[in-house]
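Enquirer: I'll drop the sequence and a predicted model, then ask my questions.
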Amino acid sequence: MKLATFLSPAVFAATALAAFSAIAADVNVRLMHVDQNPDVTTFYNDVARRFEATHPGVKVEIQYLENESYKKKLTTLLQSPDKPNILYSWGGGVLREQVRAGVVEDLTTPMNSGWKDTLMAASVPPYAIDGKVWGVPFQTSQVGFFYNKDLFAKAGVDAASIKTWDDLLGAVKKFQAAGITPIIAGGGDKWPLHFYWSHLAIRIGGKPAFDAALRNEGKGFASETFVKAGEMFKQLADLKPFQPGYLGATFPQSSGQFGDGKGAMVLMLNGMLGSMKANSADKAGIPDDKLGWMPFPTVAGGKGDPSDTLGGMNGWLVTKGSPPATVEFLRFFMDASNQKIAAEKGLYIPVVNGTQESIKRPVLRQLAENVSKSKYHQIYYDQMLGPSVGAVVNDVSADLASGRTTPADAANAVQQAWKLAN
């Protein structure tokens, strides 16, 4: 005789619920991110706890790994039985490699079920490959110069007057004359230096030059656009504008140095704001009323539009074999009500439609408007070109800054790496 005949409906229901909970209790969703800002971690944990409250038996673990460690350990992490279910992603070539390796889930069906319609139109393409969607974008960013208003005033430099590359070089000399370090850089991680070379290429050649290089047309990444970008970066580097020991400074360390007033400017994405807070001596950094932002300068005769932007379209990937609760959590995380909280707190710039209006922090609102108006938002070269080529881009950028290579050799190295990878 069946067990159910010996139990009342209420007892049977309680028994079934207990059995379900016992099974569901085994469901763990692990999300790994790279944002050092403790306020971001607090936000992630709050979203996780609220999701758990409506999904009995599901446990969401928020894990943090420092940016460079994450990049270096990611391949090993993906081979681990305890791999994260949700991965932080920059899209681009790294994502293409992960798709080829078969380590991430195809999210086309859930994204095409009304989900992607809730996102900024420009945010989805970086996660679409061969007609399929492999990731969920959640935040955007722009690279530009953050600056210390007090140090600008002390040196007599007007940020609004820095429009061209020559203007920037002139400002560097003024800071040096005033005994102020012009620029802080995290050269130890190399990628912060690639923002100069790649941004100059964007200003010089615009989108057509980059697209032609991707197609290996002409000399590709060894063409005049990229050689000239190296030559102009060398103009800056020859002035020795960076803080002492910059080639050994990591991104977190450099963010703290800028937050401590050790230099007038830093060329960085808006993630610097959280890193500055975490790494400055007072754990606050430069207050918003003393913090300015200006776009990367234009180049005389350049074909790039001044509104062209360099930055990220960062998102989440789901690793192969993750439980269905993983996608459920991502849907919950990406709900406009949750992303408006991130916007209001100034944690990042969400890509969910209708959330940008909730951004209260002036500098983030400005960057959100810039990206929304940009006709060409270039994903960071070191991510867009894939891990092997991206590593070369970062290496040659550091070598250009230190004088260990020539502009022509740097451009040739990137082109050879691109040809080898494709």
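Expert: On my side now, so go ahead.

Enquirer: Only C-alpha atoms from now on, for both contacts and neighbour counts.
Expert: Fine.

Enquirer: Go ahead and list the helix or strand containing the most centrally placed residue in the chain.
Expert: Compute the mean C-alpha point of the chain, and by CA atoms, centre = their mean the closest residue is G312, 4.7 Å away. Assigned by DSSP states H and E, G312 belongs to strand 309-318.

Enquirer: Can you name the residues in contact with that strand?
Expert: Under the criterion CA atoms under 8 Å, 6 or more residues apart in numbering, residues 85-91, 104-105, 123, 126, 134-143, 199, 269, 326-327, 370-371, 374, 376-380 lie in contact with strand 309-318.

Enquirer: tell me which strands and helices the helix or strand containing A417 is in contact with?
Expert: Secondary structure assigned from DSSP H and E places A417 in helix 407-421. With contacts taken as 3 or more CA pairs under 8 Å, 6 or more residues apart in numbering; DSSP states H and E, helix 407-421 sits against helix 224-237, helix 387-402.

Enquirer: Report all helices and strands that the next helix or strand after the first one contacts.
Expert: Moving toward the C-terminus from helix 224-237, the next helix or strand (DSSP H and E) is helix 251-259. Helix 251-259 is packed against strand 183-184, helix 272-279, with contacts defined by 3+ CA pairs under 8 Å, 6+ apart.

Enquirer: quick check: mean pLDDT across whichever helix or strand comes after the first one?
Expert: Translated: strand 183-184. Next helix or strand after strand 183-184 toward the C-terminus (DSSP H and E): helix 191-214. Averaged across helix 191-214, the pLDDT comes to 98.

Enquirer: tell me the angle of helix 191-214 relative to strand 309-318?
Expert: Angle between the axes of helix 191-214 and strand 309-318 is 90 degrees (criterion: axes from the mean of the first three to the mean of the last three CA atoms, to 10 degrees).

Enquirer: tell me what helix 191-214 is packed against?
Expert: Partner elements for helix 191-214 (3+ CA pairs under 8 Å, 6+ apart): helix 224-237, strand 265-268, helix 381-384, helix 387-402.

Enquirer: from the chain's centre, how far out does it sit?
Expert: Here helix 191-214 is found 17 Å from its chain centre; the criterion is CA atoms, centre = their mean, to the nearest Å.

Enquirer: can you check stretch 404-422 too?
Expert: With CA atoms, centre = their mean, you get 24 Å for stretch 404-422.

Enquirer: Use 845 as the first number from now on
Expert: OK, 845 is where the count begins now, so the last one is stretch 1248-1266.

Enquirer: that older thread, let me have the helices and strands packed on helix 1095-1103 in a markdown table, adding mean pLDDT as columns.
Expert: Formatted as a markdown table, these follow (pLDDT from 0 to 100):
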| stretch | mean pLDDT |
| --- | --- |
| strand 1027-1028 | 98 |
| helix 1116-1123 | 94 |
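
Enquirer: of the ones you listed, which approaches S1098 most closely?
Expert: strand 1027-1028 (6.3 Å; CA to CA).

Enquirer: Contacts made by that closest one with the rest, please.
Expert: Contacts for strand 1027-1028 (CA under 8 Å, 6+ apart): 1016, 1085-1087, 1090, 1098, 1101-1102, 1106-1111.

Enquirer: Sweet, I'm off.
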